[in-house]
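*Asks:* no sequence on hand, only this structure:
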């Protein structure tokens with residue numbers, strides 16, 4: 001496996017250099033790949049995002065899912081959120097709405113603001129097997145808003161204006 005990562009890393013370094021990228025960018029990506037291979041959870045997440053978006057590397061959802069899975073297994077909440085997103089849409093993995101819902105809920109419980117916003121939206125709309133529940137929607141939007149999630153704050157304001165009782169117990 002290490003040899004495969006080294007080959008990928010060298011290929012990326014050469015591609016970045018040929019595309020006019022700076023040596024620092026190529027070296028940074030190679031270092032990120034090496035850290036991810038050594039088990040650095042943040043590097044796995046960051047590299048997974050690069051593969052998911054095609055930033056600095058060729059877009060590869062399967063590789064993104066592999067990296068998100070590794071980081072999520074080690075407790076990285078945002079990696080679990082990204083794994084949920086990919087699983088929900090079938091990007092790089094089998095589409096599985098039930099598994100995705102469980103991953104969204106787990107990532108939200110572990111503090112991912114994006115997951116908290118997403119779970120709030122699921123409750124607000126009654127989606128993904130969750131019954132519509134404005135109290136729970138407000139709770140999750142509030143948790144995400146407390147972390148600076150702008151869209152969660154906007155949705156919470158809308159929800160509280162339309163359904164004030166749902167927001168009564170928020171701190």
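*Replies:* Perfect, thanks for sending it. Predicted model only: the values in this text are computed from it and were never measured.

*Asks:* for stretch 87-106, give the mean pLDDT please.
*Replies:* The average pLDDT for stretch 87-106 rounds to 97.

*Asks:* and what of stretch 59-70?
*Replies:* For stretch 59-70, mean pLDDT rounds to 98.

*Asks:* just to confirm, which helix or strand has residue 95 in it?
*Replies:* Using DSSP states H and E, residue 95 sits within no helix or strand.

*Asks:* can you pull the contacts of it?
*Replies:* With contacts defined as Cβ atoms under 8 Å, 6 or more residues apart in numbering, residue 95 is in contact with 87, 88, 89. From N, CA and C alone the C-beta is placed, and that goes for glycine too.

*Asks:* report the buried members of those.
*Replies:* 87, 88 (16 or more other Cβ atoms under 10 Å).

*Asks:* got CSV for the contacts of residue 95, with secondary structure and distance to residue 116 too?
*Replies:* Formatted as CSV, the contacts of residue 95 follow (DSSP: H, G, I helix; E, B strand; the rest coil; distance: Cβ to Cβ, whole Å):
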residue, secondary structure, distance to residue 116
87, helix, 18
88, helix, 16
89, helix, 19
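
*Asks:* looking at the contacts of residue 95, spot the one nearest residue 169.
*Replies:* Among the contacts of residue 95, residue 88 lies closest to residue 169 (Cβ to Cβ), at 29.4 Å.

*Asks:* roughly how far does the closest one sit from residue 30?
*Replies:* To residue 30, residue 88 is 32 Å away according to Cβ to Cβ, to the nearest Å.

*Asks:* thinking again about what came up before, including distance to residue 95, could the contacts of residue 95 go into JSON lines?
*Replies:* Shown next, in JSON lines, are the contacts of residue 95 (distance: Cβ to Cβ, whole Å):
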{"residue": "87", "distance to residue 95": "7"}
{"residue": "88", "distance to residue 95": "7"}
{"residue": "89", "distance to residue 95": "7"}
